[in-house]
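Trainee: I would like the atomic coordinates for the input below:
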Amino acid sequence: MRKTARKSRPVVRLAIVGAGGMANTHAKAFQAIPGCELAAVVEIAPARRETFAKTHGISAAFAGVTELLKSAPVDAVSVVTPDAYHMRPSRSSACGQACT
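Mentor: Numbers count the residues shown, from 1 in each chain. This next block holds a predicted model:
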């Protein structure tokens, strides 16, 4: 976490994995939390990834979790993929690298 200039409030840099319908709900909720910054999105579909990033003002967009972990400093990851696809990005995020 890093501190903001004002009031030294910690800023949590968050990545969202998945950019479907529920991810929009999550993004709006996170944006309403003081000190939460949407830092990155991960989505395999290029058009959906770019649209989601633009809609939510996210500057970093990646096709995979491994790319995210190598390129973007984040403090937390919200996995908003379909339930059957939660395990791999969750495990990779937890160990800080691609896990099988």
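
Trainee: The host helix or strand of Val41 pairs with which strands, parallel or anti?
Mentor: Secondary structure assignment for Val41, by DSSP states H and E: strand 36-42. Sheet neighbours of strand 36-42, with direction, are listed as strand 10-17 (parallel), strand 60-62 (parallel) (DSSP bridges).

Trainee: Could you dump these into a markdown table with distance to Val79 and mean pLDDT added?
Mentor: In short, each C-beta sits where N, CA and C put it, glycine included. Listed next are the strands paired with strand 36-42 as a markdown table, based on distance: least, CB to CB, whole Å; pLDDT from 0 to 100:
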| stretch | distance to Val79 | mean pLDDT |
| --- | --- | --- |
| strand 10-17 | 5 | 92 |
| strand 60-62 | 14 | 96 |
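
Trainee: need the contact list for the residue most central in space within the chain.
Mentor: With distances taken as CA atoms, centre = their mean, Ala15 lies nearest the centre of the chain, 1.5 Å away. For Ala15, the contacting residues are Ala39, Ala40, Val41, Val42, Leu68, Ala72, Val74, Ala76, Val77, Ser78, Ser93, taking CB atoms under 8 Å, 6 or more residues apart in numbering as the criterion.
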